[in-house]
Each structure stands twice: as structure tokens, then as C-alpha cells.
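Trainee: Pasting a predicted model and its sequence here:
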Amino acid sequence: MSRSIALRHVSKKYDRGSYAVQDVSLMVEPGEFLVLLGPSGCGKSTVLRMIAGLEHISEGELFLDGVHSNETPPHQRDTAMVFQNFALYPSMTTRENIGFPLKLRDPAADHGPQVEATARMLAIEDLLERLPGQLSGGERQRVAMGRAVSRRPSVFLFDEPLSNLDAKLPEHLRAEISSLTKELGVTTVYVTHDQSEAMSLGDRVAVLREGVLQQISSPEELYTLPANVFVAAFVGTPRINLLEAVVHAPLDARMALNLGRQSLALPVPLSADHQLLRVQQGRPVIVGLRSEAVRIAPPSEARPGEAALTGLVEHVEYQGHEVLVHLNTGSRPAVVPDPETARPRFPASRRRVPRPPGPGRVRVFPARRKSRPPIVSGGPSATAAQERRTTVGSDLVVRTGPQGRVRSGAQVPLLVDLAQLYVFDHRGRRICPAPDDVPGLD
Ligand SMILES: Nc1ncnc2c1ncn2[C@@H]1O[C@H](COP(=O)(O)OP(=O)(O)OP(=O)(O)O)[C@@H](O)[C@H]1O
């Protein structure tokens, strides 16, 4: 049996008055696999612990199967939690560890068959008589999962279960977790800071930043229609290219996005999304281009809807199946919070002033809770300043096939597919494609 989980305006406030989680509302359907994704300190574990009953809910309501459950004791919630650090009993064998929750529930019964069935499911039948000290990290995590699974709970709660394991192993265990939860049909909430893990596991992914829910969507929608620049920057490898731009929308000439030394001319007739950018005339915005939205090709090969740029090859990164070409187009990388960076834990006055970003990097905002700083610096006349502050180093990463031969130092022509253009306003909200529009999603 699996159950639904609903959070309504849930907040968690710790003693010193700061919110770890702020006004989070979400619904997990029975049997659904929801991933909570966000950088360190954004409140993911706190949400999970509130669902488990290990943390008191300061404000808002939790419903399990539609029943108000804020005060339900943890052992009556029928949830099973798997932690990052395995937490096995060191003096118990695998058999005893897996059977322990069953024994607690019914000390007199023979749990052998159920323990063995669970071990078979996780391919650890051969390890039943071993102690945790005689197991590898991956095996120990499998035993921990076996212990969570054995009593057939109605909700699984995973708190970064793979983050302590070697890089190779998690991919294998990832697939096992996915098939296990699907096979059992149990509602699952899974916490991770690893976007590729989130995208490969989740039916839906909820992105948190500083305790605030940014977006909850399917992995496909998160990638193709990020609600804001933070989500866009967090999801996808290599990271989306984010460039400062100014909207140039004269009445008597072609509309363009000025990137500093070059500009992206928008195709005519303007698409509905591009039409809407007109109101941003003269304003600073952020242009987002995924690495697959740009190709190295001369203007003569341009397809309808592609705009030409040029770039100086700074660095070529061979990945085997593909090549990432780092280019300098004379643009300015946008100032976006770095999703990989933990929230600063000391007051602003003691914080060091961040150094300017290196090539391909982004600068980090000091975290603020109430009013978030605008994402783009500069005002309506930002173009001149932008020109002056043009960076040295790469500002655009383009993905090409392994046969694409470019060398560092070469000036190359680029074609940008404007159907894959993202534009975010100065607060970081996506304005193109327009928020209500869901092109290409069936
Ligand atoms: N008991 C506590 N008292 C005060 N603050 C706390 C407490 N527990 C957590 N916090 C704070 O709440 C915020 C959210 O913590 P939480 O552990 O939920 O984040 P997280 O996203 O799971 O991070 P990580 O990925 O690093 O585990 C953090 O700033 C953390 O310092």
C-alpha cells in the first residue's frame, strides 16, 4: 500500500528565528517518486524529516492520505527512512539487520522467508550472514535499503543515500532504487543535491533554494521550461550559458538582444514569445542558451530561426562521445547564484567580498531571505557599461560531435537556434518562453 503526502504552507523555524523551510506546498501522489533537489543547506532534509515526524512543523499542515498528521508520532506514520550514512547495527548480521524492524513488530514470528525475499530483491542473498564491517559501502547501503523495505512501509524517505559511495557505484544503485520503488509501488521522497541523480530518478523534481520552493515539475519540464534562472543554472550538464543582455526593440529596425560586442537579431516575423520581449526595451535581461542551442557553422548554412555570432575558441574539452568547446564571444556571463555553493552561515558584515568570477564561473550572491537581489546588475543604459566589462575568458560552451575539429585560438562562426532561446528578467524569472506557454511539450 502506498499513500499520498501533502504539505500545505509548511515552514520550519529554528530557535534563532531563521527559516530553514518557508511556505512550502506540494503534493506527492500515491506511488509517485518525488525528488527534493537543491544546494547544501536549502532545507531538503528538513522537509524530509518533517514528513517522517522527526522534526516539528512550525507553521502549516502535513496530510498523509488526506489525514492531518502534524502531531502523528513517527512510528505511526508507516514511513521508512534510508540515510546517507547507512546506520546499520554493527553487531548484527545482514539477516538480523534486515529482519530487525519485523522482529520489533512481531517478536514471536519467523521472519526468515520475508528477509530472504527482500535479500533476493536486492541481490544480497550471499551476504546474509556477514556483519556490516565485512561489507563494502555499496553492499552496506543495499542492506540499509533492505531493512527499510522488509516491513513494506507505505512511504520511503531517502536522504542522500548514494552520496557517500564511490562515483561508479551510485549509477548502479540508482537503477536499483528506481526499479525497487517501482516494483513495490511505494510513495517515495528522495533528497539529493545531485541534479543528474534527481533527473534520472524522479517522476517529478521539486527544486528548493534557501528553504523556498522554486519549481516542481517533471524532469523534462524542469529542463525545457525552468521557472527561473536559478533552476535553469542548476539543471543540465554542461550548465546553461547565461549571458547579460539588453533588449533592443526599435520601431523601425529589427529587434535584437545586445550581448555586448555582438547581438542576437531576432527572426522576423517575431514569434509570440519574442513579441512579448518588446516591453523590455532598454532593460537588462539574462539570455540563456543551452550548449546544444548553438552550433559551429558559417552564416551561409543558417536555417530559418538561427542567428549568427562569432567566438574565439578558448579551450576544447574532449569527452569521448562529444566535445565541449569553450568560446569567448565578448559577452558578459550573468551574475547568478551558484547552485553548488552552500548557503553562507555567517552574517553579511563578516563575509568577504566575493572575487570576480573566473572563466565559465558565476559570482555568488550573499543569501537574503525577504527581498532577493535583482539578478542582473546595471540599468536601462547598461550597454556601455556592459561593453566595458566584457570578460576575458570563455562565456559560451558549445557541444559538438567528436569529429568536430576546432583548435584553441581559432575564431569560429556560430549559429544560435533562437527557438531554444531563454530570456530571464532582471529578477531572474523566465519571460521567454512566456510562462504560460509550453511549446514542444505533449
Ligand atoms: N537543529 C537545527 N538548528 C538550527 N538550524 C538548523 C538545524 N538543523 C538544520 N538547520 C539549518 O537549516 C537549514 C536547512 O538545513 P537542511 O539540513 O534541511 O539542509 P539540506 O538542504 O538538507 O542540506 P545538506 O544537503 O547540506 O544536508 C540549514 O541552514 C541548517 O543550518
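Mentor: Thanks, I have the structure now.

Trainee: from here on, contacts and neighbour counts on C-alpha atoms
Mentor: OK.

Trainee: And the pLDDT for whatever residue of the stretch 151-300 of the chain ends up closest to the ligand?
Mentor: The shortest separation between the stretch 151-300 of the chain and the ligand is 6.1 Å, found at residue 193 (distances taken as CA to the nearest ligand atom). At residue 193 the predicted local confidence, pLDDT, stands at 92.

Trainee: just residue 237 next, same as before
Mentor: Confidence at residue 237, expressed as pLDDT, is 89.

Trainee: and residue 336, what pLDDT?
Mentor: The score at residue 336 is 77. That number is its pLDDT.

Trainee: Tally up the residues packed near it, please.
Mentor: One way to gauge burial is a neighbour count; for residue 336, by other CA atoms under 10 Å, it gives 21.

Trainee: again, but for residue 114
Mentor: Residues near residue 114, counting by other CA under 10 Å, number 15.

Trainee: Secondary structure class of it, three-state.
Mentor: With DSSP: H, G, I helix; E, B strand; the rest coil as the basis, residue 114 sits in helix.

Trainee: And it, how far from the ligand?
Mentor: Per CA to the nearest ligand atom, to the nearest Å, residue 114 is found 33 Å from the ligand.

Trainee: quick thing: my sequence starts at 76, can you match it?
Mentor: All right, first residue 76 from here; so that's residue 189.

Trainee: Please list all residues in contact with the closest residue to that residue other than its chain neighbours.
Mentor: By the measure of CA to CA, 6 or more residues apart in numbering, the closest residue to residue 189 outside its immediate chain neighbours is residue 225, 6.9 Å from it. The contact partners of residue 225, taken as CA atoms under 8 Å, 6 or more residues apart in numbering, are 173-174, 176-177, 189-190, 193.

Trainee: quick one on the thing from earlier: could you list which residues are in contact with the residue of the stretch 226-375 of the chain closest to the ligand?
Mentor: Residue 268 is in contact with 112-115, 235, counting by CA under 8 Å, 6+ apart.

Trainee: which among those residues are in contact with the ligand?
Mentor: With CA under 6 Å from any ligand atom as the criterion, the members of the contacts of residue 268 in contact with the ligand are residue 115.

Trainee: JSON lines for the contacts of residue 268, including pLDDT, neighbour count and secondary structure?
Mentor: JSON lines is the format used below for those (pLDDT from 0 to 100; neighbours: other CA atoms under 10 Å; DSSP: H, G, I helix; E, B strand; the rest coil):
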{"residue": "112", "pLDDT": "96", "neighbour count": "27", "secondary structure": "strand"}
{"residue": "113", "pLDDT": "94", "neighbour count": "28", "secondary structure": "coil"}
{"residue": "114", "pLDDT": "92", "neighbour count": "22", "secondary structure": "coil"}
{"residue": "115", "pLDDT": "90", "neighbour count": "17", "secondary structure": "coil"}
{"residue": "235", "pLDDT": "89", "neighbour count": "20", "secondary structure": "coil"}
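
Trainee: which one of the contacts of residue 268 sits closest to residue 143?
Mentor: The shortest distance between residue 143 and any of the contacts of residue 268, using CA to CA, involves residue 112 and amounts to 25.4 Å.

Trainee: pLDDT value on the residue lying closest to that closest one once chain neighbours are set aside, please?
Mentor: With sequence-adjacent residues excluded and distances taken as CA to CA, 6+ apart, residue 112 is closest to residue 282, at 4.8 Å. The score at residue 282 is 97. That number is its pLDDT.

Trainee: just residue 154 next, same as before
Mentor: Model confidence at residue 154, given as pLDDT, is 92.

Trainee: I'd say it and residue 226 touch.
Mentor: No. Contact criterion CA atoms under 8 Å: residue 154 and residue 226 do not qualify, at 10.0 Å.

Trainee: longest strand anywhere in this protein?
Mentor: When the chain is parsed with DSSP state E, its longest strand is strand 381-393.

Trainee: What residues sit buried inside that one?
Mentor: 381-391 (16 or more other CA atoms under 10 Å).

Trainee: tell me what the one helix or strand residue 487 maps to is packed against?
Mentor: Under the criterion of DSSP states H and E, residue 487 resides in strand 486-492. Packed against strand 486-492 by the contact rule (3 or more CA pairs under 8 Å, 6 or more residues apart in numbering; DSSP states H and E) you find strand 369-371, strand 381-393.

Trainee: For the longest helix anywhere in the chain, the averaged confidence score.
Mentor: For the chain, the helix reaching the highest residue count under DSSP state H is reported as helix 243-259. Averaging pLDDT along helix 243-259 gives 79.

Trainee: about what we covered before: of all the helices and strands packed on strand 486-492, which one is nearest the ligand?
Mentor: Minimum separation from the ligand across the helices and strands packed on strand 486-492 (CA to the nearest ligand atom) falls at strand 381-393, 29.5 Å.

Trainee: C-terminal to that closest one, what's the next element?
Mentor: As assigned by DSSP H and E, the chain's next helix or strand after strand 381-393 is strand 398-403.

Trainee: Would you mind pulling up the elements that that following strand packs against?
Mentor: By 3+ CA pairs under 8 Å, 6+ apart, strand 398-403 packs against strand 381-393, strand 471-475.

Trainee: Of these, which is nearest residue 159?
Mentor: Once CA to CA is applied to the helices and strands packed on strand 398-403, the stretch that comes out nearest is strand 381-393, at 32.7 Å.

Trainee: quick one: that closest one to strand 398-403, angle?
Mentor: Angle of strand 381-393 versus strand 398-403, following axes from the mean of the first three to the mean of the last three CA atoms, to 10 degrees, is 120 degrees.
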